[in-house]
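Q: what's the 3D shape of this:
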Amino acid sequence: MNYNMKKPLISFIIAISLLIIDGCRKDFEATAEHKATYGWEMFEMKDYLQSKEWFSNSIATDKKWKDGYNGLGWSYAKLLELDSLDTENIGSIRTFHRGLTYPKDIWNTTDVHLEILAGLTFAYHAKGNNSEAVKFGNALIDSTLIGLNPSRWDNWVFSHDSTLNYLDLRLTMAASYFALAKFDSTHKHLKVVLDSLGSPSLLINDYSTLLGKQKVAQQLDSLQKVLQQK
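A: Numbering: from 1, shown residues only. Here you go, the predicted structure:
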């Protein structure tokens, strides 16, 4: 059995073992944190149905466990169960919003709040609600500001998939602003992506003509493909 298979198996055994401890013959139930930890193991193995179940169990154990909502929201998103606040169906968007209302665990080294903001940005963009996508994307960017003159930001990275990071967020923001015809903001976020990649591609400045807008749309699509390959 290779290491990648052993890791989730061991975590599963630990999670189950924590349900009942033989010491002193006293029952001991796994906490919301234990269940969420195993949920992330399943998530990183791309078993999103199992991760959804474990995160659901996590928040059933503790309805205020913020990382449980975080993981459940991302699991829903991976399964394309996006929902919205104006429907009765439970999916990623409604779950993320619930998670925002709860405080962060002070012992959790992951900034769960930022991961929820990122999840909402991507989910709303996927739903075509670009106004909400830029709203939550800007909230994340504002939260990672670490310096002024010039402005500098901490480079956000999703802790459970390092290939998903601030570049994906910035490109999503650029695409949402483009859909909203807010081209100055599109230009700003595209510049961050191109500069960060060290790309030789020229930043397109023509938003006034149909041809120019087509070229911007092509650049957005091209950069998305580049990021997907990283």
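
Q: just want the most central residue of the chain.
A: By C-alpha atoms, centre = their mean, the chain has its centre lying nearest to G119, at 3.5 Å.

Q: that residue: what's it in contact with?
A: G119 makes contact with N70, G73, W74, A77, S92, F96, according to C-beta atoms under 8 Å, 6 or more residues apart in numbering. Bear in mind the C-beta positions are built from the backbone N, C-alpha and C, glycine included.

Q: just confirm the last one is within a helix.
A: It refers to F96. Yes: membership of F96 in a helix is supported by DSSP: H, G, I helix; E, B strand; the rest coil.

Q: wait, isn't it in contact with F122?
A: No: using C-beta atoms under 8 Å, F96 is not in contact with F122, being 9.9 Å away.

Q: more neighbours, the two?
A: Higher neighbour count among F96 and F122: F96, with 28 against 22, using other C-beta atoms under 10 Å.

Q: excluding chain neighbours, what is closest to that one?
A: G73 (4.0 Å; C-beta to C-beta, 6 or more residues apart in numbering).

Q: how about E81?
A: G91 (4.1 Å).

Q: same deal with S159?
A: Closest to S159 by C-beta to C-beta, 6+ apart is T110, at 4.8 Å.

Q: roughly how far does the one you found sit from L203?
A: Look at T110 and L203: by C-beta to C-beta, to the nearest Å, they are 34 Å apart.

Q: if we can go back for a sec, which secondary structure state is assigned to the residue nearest to S159?
A: coil.

Q: now for the nearest residue to T61 once chain neighbours are set aside, how many residues are close by?
A: Residue nearest to T61 in three dimensions, not counting chain neighbours: A32, with 4.3 Å by C-beta to C-beta, 6+ apart. Here the number of neighbours of A32 (other C-beta under 10 Å) works out to 21.

Q: how close does K66 get to N129?
A: Relative to N129, and taking C-beta to C-beta, K66 is found at 23 Å.

Q: pick out whichever of those two has more residues nearby.
A: K66 (24 against 18).

Q: and the more buried one, what pLDDT?
A: pLDDT recorded at K66 is 97.

Q: and the residue lying closest to it once chain neighbours are set aside, how far from W65?
A: The spatial neighbour of K66 that comes closest, neighbours along the chain excluded (C-beta to C-beta, 6+ apart), is Y102 at 4.5 Å. Y102 is 7 Å from W65, where distance means C-beta to C-beta.

Q: those two: which is more packed in?
A: W65 (24 against 20).

Q: show me what counts as buried in the longest helix along the chain.
A: Longest helix of the chain, by residue count under DSSP state H: helix 210-228. By 16 or more other C-beta atoms under 10 Å, the buried positions in helix 210-228 come out as K213, K215, V216, Q219, L220, L223, Q224, L227.

Q: tell me the contacts of the closest residue to the third one other than its chain neighbours?
A: When you say that, I think you mean V216. In this structure, V216 finds its nearest non-sequential neighbour in I204, 5.1 Å apart by C-beta to C-beta, 6+ apart. With contact set as C-beta under 8 Å, 6+ apart, I204 has these partners: L190, G212, K215, V216, Q219.
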